[in-house]
Structure formats: structure tokens, C-alpha cells
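K.L.:
Next comes the sequence, and after it the predicted model I'd like to discuss.
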Amino acid sequence: MHTDFSVDMGTLTVSVPEEFLEAKKKYPHINWNEVLKQGILKRLNELKKFEELKRKGVI
């Protein structure tokens, strides 16, 4: 099965500490863009859950 779809992606520019740049050089096989994207999406999911609990009056 073949499915065609497109996802609009924005661009985000961030400043990172030297430690990150060193890790990026040390581990070039890691897709750092994906690592950062997944980290951001995880945090957004946590925020959504928090807001839902807050809305329900649990916290």
C-alpha cells in the first residue's frame, strides 16, 4: 500500500551550548534534528496533558 501525504514543517533556529556541538561531532550518525524534534513534541504533549488536568480541576 502506498500513501501520499505531505506535512508542512516550519524552521526553528536555536542557540546551543558548545557541549552539544561536541556531541554532534562525536556522534555524527545520530539524526540530531529528529532528536530535537521528538523532544519538542514530547514536551508539547506533556503541556497538553497538564492543561487537560488543570481544566478538569485535578490540579
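P.N.:
Sure thing, it's come through. All figures in this text were calculated on a predicted structure; none of them were measured in a lab. Numbers count the residues shown, from 1 in each chain.

K.L.:
Would you tell me which helix is longest in the chain?
P.N.:
helix 32-55 (DSSP state H).

K.L.:
what does that helix contact?
P.N.:
Helix 32-55 is contacted from outside by 12, 14, 24, 59, using C-beta atoms under 8 Å, 6 or more residues apart in numbering. In short, each C-beta sits where N, CA and C put it, glycine included.

K.L.:
Repeat the analysis, applying 7 Å as the threshold.
P.N.:
Where contact means C-beta atoms under 7 Å, 6 or more residues apart in numbering, the residues beyond helix 32-55 that reach it are 24, 59.

K.L.:
any low-confidence regions in this structure?
P.N.:
1-6 (pLDDT under 70).

K.L.:
50 instead, please
P.N.:
The model of the chain has no residue with pLDDT under 50.

K.L.:
follow-up on the earlier one: centre of the chain to the longest helix of the chain, how far?
P.N.:
7 Å (C-alpha atoms, centre = their mean, to the nearest Å).

K.L.:
in that helix, what counts as buried?
P.N.:
If you call a residue buried by 16 or more other C-beta atoms under 10 Å, then helix 32-55 has no buried ones at all.

K.L.:
Dump it to CSV, restricted to CA.
P.N.:
The C-alpha coordinates for helix 32-55 follow below in CSV (Å, rounded to 0.1, in the frame of the first residue of the first chain):
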residue,chain,number,x,y,z
TRP,A,32,20.1,15.4,15.8
ASN,A,33,17.3,17.2,14.1
GLU,A,34,15.0,14.3,14.8
VAL,A,35,16.2,14.1,18.4
LEU,A,36,15.3,17.8,18.9
LYS,A,37,12.0,17.5,17.1
GLN,A,38,10.9,14.5,19.2
GLY,A,39,12.0,16.3,22.4
ILE,A,40,9.9,19.3,21.5
LEU,A,41,6.9,17.1,20.6
LYS,A,42,7.2,15.2,23.9
ARG,A,43,7.2,18.5,25.8
LEU,A,44,4.2,19.8,23.9
ASN,A,45,2.3,16.5,24.7
GLU,A,46,3.2,17.0,28.4
LEU,A,47,1.9,20.5,28.3
LYS,A,48,-1.4,19.3,26.7
LYS,A,49,-1.8,16.7,29.4
PHE,A,50,-1.1,19.3,32.1
GLU,A,51,-3.6,21.7,30.6
GLU,A,52,-6.2,18.9,30.5
LEU,A,53,-5.7,18.0,34.1
LYS,A,54,-5.9,21.7,35.0
ARG,A,55,-9.1,22.1,33.1
